[in-house]
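Undergrad: here are the coordinates; sequence isn't available:
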């Protein structure tokens, strides 16, 4: 196994012989491995990204229910009222005892 810039390179044979160990290292230590065959990189073994991709955002937003025009107007009034109330509120030091 060779270590190149925080990514370990190992042969496909090494990966096959110790597959369970490498999977555990990926799962619990969040390590990444590049698999090579004949000194040529062919695959990567890495943790699955957590969360959603930015490219999924349009689909997510399109699934959110839209407000009716009446509800949007009421929401706007609620936001304006909250902003007015915040302007009247004196700020305090959250670290003060």
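TA: Received it, and whenever you're ready, just let me know what you need. The structure presented is a predicted model; accordingly, all values stated were derived computationally and were not measured.
Undergrad: what residue of this structure is the furthest out?
TA: Taking C-alpha atoms, centre = their mean as the measure, the residue most remote from the mean C-alpha position of the chain is residue 88, 38.0 Å away.
Undergrad: mind listing what that residue touches?
TA: The contact partners of residue 88, by C-beta atoms under 8 Å, 6 or more residues apart in numbering, come to none. All C-beta spots, glycine's among them, are computed from the backbone N, C-alpha and C.
Undergrad: Next SSE downstream of the worst-scoring helix or strand of the chain on mean pLDDT?
TA: Lowest on mean pLDDT, DSSP states H and E among the helices and strands of the chain sits strand 2-4, with a mean of 62. Following strand 2-4 in sequence order, the next helix or strand is strand 7-11 (DSSP states H and E).
Undergrad: Show me which residues of that next one are buried.
TA: Buried positions in strand 7-11, judged by neighbour count with 16 or more other C-beta atoms under 10 Å: 8, 10, 11.
Undergrad: sec struct for residue 71, please.
TA: helix (DSSP: H, G, I helix; E, B strand; the rest coil).
Undergrad: can you offset everything so residue one is 215?
TA: Renumbered: residue one is now 215, and that last one reads residue 285.
Undergrad: Just the pLDDT at it, thanks.
TA: We have a pLDDT of 94 for residue 285.
Undergrad: Kindly provide the distance from it to residue 243.
TA: 49 Å (C-beta to C-beta, to the nearest Å).
Undergrad: Same question for residue 273.
TA: 33 Å.
Undergrad: now swap in residue 249 and tell me
TA: Counting by C-beta to C-beta, the gap from residue 249 to residue 243 is 17 Å.
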